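> Structure of the sequence below:
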Amino acid sequence: MHAGSCQCRAVTFTVQGDLPTPNACHCSICRKQSGHYFASTEVKKANLTTTGAEYVTWFQSSPKVRRGFCARCGSSLFWDPPRRDWIAVAMGAFDGPTGTRMNLHIFVADKGDYYDIADGLPQNLA
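Have a look, this model is predicted:
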């Protein structure tokens with residue numbers, strides 16, 4: 001089990017089981033939402049338990065995706081395609097070791113010009 005929270009701890013969550021390998025999204029929407037690129041792992045919704053859900057505010061960022069953040073402290077927490085059985089959870093929101101490693105960069109054609117990706121991981125333009 002892996003636990004996490006927003007910065008103010010109004011929203012806490014647990015994920016049952018091992019965390020899948022995360023990816024880093026460099027699209028302009030993720031960069032604006034998170035302040036940089038957004039690293040997340042996709043977990044089955046059935047394996048995610050959230051407390052303080054009344055503090056999660058959802059922003060519909062596209063017709064297919066909504067983004068969840070804490071209404072009290074503003075922490076980015078979730079990337080949710082509601083019609084899917086999984087949800088992406090922000091890697092930075094987990095407490096302690098996660099036992100997983102980044103495996104992919106996506107939407108690198110949109111990445112900011114102020115940084116380089118030099119970790120040797122695969123990079124998808126879209």
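> Could you pull up the residues touching the closest residue to Arg72 other than its chain neighbours?
Take Arg72 and drop its neighbours on the chain: the residue closest to it by CB to CB, 6 or more residues apart in numbering is Ala10, 4.7 Å away. C-beta: built from backbone N, CA, C; applies to glycine. If a contact means CB atoms under 8 Å, 6 or more residues apart in numbering, then Ala10 has 52, 55, 70-73 as its contacts.
> Now do Ala10, the pLDDT please.
Listed pLDDT for Ala10 reads 98.
> Could you do Gly96 as well?
With respect to pLDDT, Gly96 scores 86.
> May I have the phi/psi pair for it?
phi 70, psi -170 (degrees, to the nearest 10).
> Tell me, how many residues neighbour it?
Look at Gly96: counted by other CB atoms under 10 Å, it has 8 neighbours.
> gap between it and Gly17?
Separation of Gly96 from Gly17 (CB to CB, to the nearest Å): 16 Å.
> Of all the residues in the helix-or-strand element of the chain with minimal mean pLDDT, which ones are buried?
Least confident helix or strand of the chain, by mean pLDDT, DSSP states H and E, is helix 28-34 with a mean of 93. The neighbour-count check on helix 28-34 (16 or more other CB atoms under 10 Å) flags 29-31, 33-34 as buried.
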